[in-house]
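Participant: just the structure for this:
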Amino acid sequence: MPKITFTDSSGHATAVDATVGDSVMETAVRNGVPEIVAECGGSLSCATCHVIVDATDFAGLPEMSEMEDEMLYGTSEDRVETSRLCCQIKVTEDMDLHVTTPETQV
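Facilitator: Residues are numbered from 1 along each chain as shown. I've put the predicted structure just below:
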């Protein structure tokens, strides 16, 4: 089963099982992961599901769209090289993803 580990800004990690085809953001919201606001519900219009993907996992993700890239410039915490919007990352069958949430999303 796919697994996603969310580490919050204080360093607390929560590992959750995920459903193939859902987004990482949907998985976070369904499991009450703190620091994921997801105001737009995944429509790529708010940047409140910003995560920093672990560097070892980043290369295995599909390339981000131009729109996601632009939206990352609107995050409340500065983007870094491995920043993504988790509404745009789909859960795959063998996913074992590790992400960190910034301290604030708004």
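Participant: the residue nearest the centre of the chain: what's it in contact with?
Facilitator: The C-alpha lying nearest the average C-alpha coordinate of the chain belongs to C86 (Cα atoms, centre = their mean; 2.8 Å). By Cβ atoms under 8 Å, 6 or more residues apart in numbering, the contact list for C86 reads S23, V24, M25, A28, I36, C49, H50, V51, V99. Any C-beta I mention is one placed from the backbone N, CA and C, and that applies to glycine too.
Participant: past the one helix or strand the third one maps to, which element shows up next along the chain?
Facilitator: Using DSSP states H and E, M25 sits within helix 24-30. Tracing the chain past helix 24-30, the next element assigned as helix or strand by DSSP H and E is strand 50-53.
Participant: direction included, what does that next one pair up with?
Facilitator: strand 83-85 (antiparallel), strand 96-100 (antiparallel) (DSSP bridges).
Participant: compare the ones you listed and give me the one nearest S76.
Facilitator: strand 83-85 (12.0 Å; Cβ to Cβ).
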